[in-house]
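*Asks:* A predicted structure for the sequence below; I have some questions about it.
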Amino acid sequence: MKQQELPLFEVFLRSQRGLDHRHVGSLHAEDPEQALEYARDVYLRRSEGVSIWVVRSGDITASQESDVASFYDPMDDKPYRHATHYKLPKEVDNM
Amino acid sequence: MVNQDNDNDPRLVAFENKVAADQRIEPKDWIPDAFRKTVLRQMSQHAHSEVIGMQPEGNWITRAPTLRRKLILLAKIQDEGGHGLYLYSAAETLGTSREEMVKALHEGKAKYASIFNYPALTWADMGAIGWLVDGAAIVNQVSLQRTSYGPYARAMVRICKEESFHQRQGYESIMALAQGSKEQKEMAQDALDRWWWPSLMMFGPHDSDSAHSGRSMHWKLKRESNDVLRQRFVDQTVPQAKFLGLEIPDPDLRWNEGSGRHDFGEIDWDEFQRVIHGDGPCNRQRLSHHVQAHEDGRWVRDAMRAYESKRQARQVA
Ligand SMILES: [Fe+2]
Ligand SMILES: [Fe+2]
């Protein structure tokens, strides 16, 4: 009998209070609870974080760089969205 | 959920210790009910302000004097809608829904910044709003980047990155008028005359009269007091007005050598109370416009939901 593979989970860690969770890697587990425990063992052995998120990889919808050009258009034709576009005299330039 | 906060609750002690140690409070932490109410009121009020604040500026998009100014104004208003989104979703981490917050706004139970109840009467107001209203908002928001509720603080960091363009475009725009013809300069002065005092009111009542300040400061939701922030705004704005050759409409405004700050006149607190309680020049208009826009968009939300449930039904079949 072919052994069924466990589902893949993505792991996110908050390194300290106040910061966003960041993706650190992935692992296989039976269910979210087990994934949390594995994540603690694999990614948190040296107090790398204070909070863990796990999410089934299959539940992530991701864009591809090639999919939608407009997602990654640097919008170079819209320089007015940047503060540096506005040249102010030096007396008032500190705003 | 505990409704009555008990002083001896060890969870409360742990919470207070985190705040005292300057740690951020994060969504899954236990929090006292009063903290939840306070931070929710502050965030929803802030989110509503971003969204209602799109109205006075939206009023001028079609009448911008040049294509460049029109593109800038559109980009700024688009940012403000995004700021509303960042704040609503930060507030949703407290277990409330967007629908509930919008409903509270429509029923008059939730407030937004009173400044957006003033009308934008001339093109010069677009410059004055960016310079003064966004300028005042930035002073407040920079301080809130260190607020104790993590999702709120992170939303503030994102917002502050985008705000600098708002203030600079406003100043550049009003500078063009201040350095223009006699009529243009008068228009700029008139805008400053009308927006100055409402901008000072944005910081709220005096510390001594502020109903919620003590608690918010204790919990580090607010990091600096209303009066401290207002003074900072005055001190930074006076030289900017002087550079434009415009006069701030306050006969009591003067540099105080001793304190190293500007002294300034008293705000008309009766007007402040009137506008807060619904009797400003545009309160009814702002709210009814928001209600109507929300209703007008209902068919889009309904259609999206209908499409999604059809798609799911097809997948099951
Ligand atoms: Fe904003
Ligand atoms: Fe802004």
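*Replies:* That came through, no problem. Ligands and ions are numbered 1, 2, ... in the order given.
*Asks:* what's near enough to touch the closest residue to ligand 1 within the stretch 1-150 of chain B?
*Replies:* Relative to ligand 1, the nearest point of the stretch 1-150 of chain B is B:His83 (3.8 Å; C-beta to the ion). Heads up, the C-betas are built off the backbone N, CA and C, glycines and all. Contact analysis of B:His83 by C-beta atoms under 8 Å, 6 or more residues apart in numbering or on different chains lists B:Ala47, B:Glu50, B:Ile159, B:Glu162.
*Asks:* Could you confirm whether the helix or strand where the third one lies reaches chain A?
*Replies:* If you go by DSSP states H and E, B:Ile159 is part of helix B:150-178. Yes. Using C-beta under 8 Å from any C-beta of the partner chain, helix B:150-178 reaches chain A at B:Gly150, B:Ala153, B:Arg154, B:Ser164, B:Phe165, B:Gln167, B:Arg168, B:Gln169, B:Tyr171, B:Glu172, B:Met175.
*Asks:* circling back to that earlier point, ranking the contacts of B:His83 by neighbours, who comes first?
*Replies:* Within those, neighbour counts (other C-beta atoms under 10 Å in any protein chain shown) peak at B:Ala47, which reaches 27 neighbours.
*Asks:* and chain B, which of its residues are near ligand 1?
*Replies:* For chain B, the residues found near ligand 1 under the criterion C-beta under 5 Å from the ion are B:Glu50, B:Glu80, B:His83.
*Asks:* Which strands and helices lie in contact with the host helix or strand of the first one?
*Replies:* When elements are defined using DSSP H and E, B:Glu50 is found to belong to helix B:33-52. With contacts taken as 3 or more C-beta pairs under 8 Å, 6 or more residues apart in numbering or on different chains; DSSP states H and E, helix B:33-52 sits against helix B:67-92, helix B:98-106, helix B:150-178, helix B:213-218, helix B:283-296.
*Asks:* Okay, B:Val142 and B:Tyr112: tell me how far apart.
*Replies:* Distance of B:Val142 to B:Tyr112, given as C-beta to C-beta, to the nearest Å: 20 Å.
*Asks:* So for these two, which residue has more residues nearby?
*Replies:* Set side by side, B:Val142 and B:Tyr112 show more neighbours around B:Tyr112, with 22 against 18, by other C-beta under 10 Å.
*Asks:* Please name the nearest non-neighbouring residue to the more buried one.
*Replies:* Nearest residue to B:Tyr112, sequence neighbours excluded (C-beta to C-beta, 6 or more residues apart in numbering or on different chains): B:His48, at 3.9 Å.
*Asks:* what pLDDT does the one you found get?
*Replies:* You'll see B:His48 listed with a pLDDT of 98.
*Asks:* what about it, how many neighbours?
*Replies:* B:His48: 23 surrounding residues under other C-beta under 10 Å.
*Asks:* which ones are touching it?
*Replies:* B:Gly84, B:Met101, B:Leu105, B:Ala110, B:Lys111, B:Tyr112.
*Asks:* can you list the residues of chain A near chain B?
*Replies:* Within chain A, the positions adjacent to chain B are A:14, A:17-18, A:20, A:51, A:78, A:80-83, A:85-89, A:91-92, A:95 by C-beta under 8 Å from any C-beta.
*Asks:* Kindly recompute the last result at 7 Å.
*Replies:* Within chain A, the positions lying close to chain B (C-beta under 7 Å from any C-beta of the partner chain) are A:17-18, A:20, A:51, A:78, A:80-83, A:86, A:88, A:91-92, A:95.
*Asks:* tell me the two of those residues that are most distant?
*Replies:* A:Ser51 and A:Glu91 (46.6 Å; C-beta to C-beta).
*Asks:* These two - which one has more neighbours?
*Replies:* Between A:Ser51 and A:Glu91, counted using other C-beta under 10 Å, A:Ser51 has the larger neighbour count: 17 against 10.
*Asks:* mind listing the helices for chain A?
*Replies:* Secondary structure of chain A (DSSP state H): helices at A:32-43, A:69-72.
*Asks:* what residues are up against whatever residue of chain B ends up closest to ligand 2?
*Replies:* For chain B, the residue closest to ligand 2 is B:His166, as judged by C-beta to the ion, at 3.7 Å. By C-beta atoms under 7 Å, 6 or more residues apart in numbering or on different chains, the contact set of B:His166 is B:Lys76, B:Asp79, B:Gly130, B:Asp134.
*Asks:* redo that, cut-off 10 Å
*Replies:* Neighbour list for B:His166: A:83, B:57, B:72, B:75-77, B:79-80, B:83, B:129-131, B:133-135, B:137-138 [criterion: C-beta atoms under 10 Å, 6 or more residues apart in numbering or on different chains].
*Asks:* Now tell me which helix or strand of chain B has the poorest mean pLDDT.
*Replies:* Every helix and strand of chain B was ranked by mean pLDDT, DSSP states H and E. The lowest is helix B:213-218, at a mean of 88.
*Asks:* Can you name the element that comes right after it?
*Replies:* Following helix B:213-218 in sequence order, the next helix or strand is helix B:226-244 (DSSP H and E).
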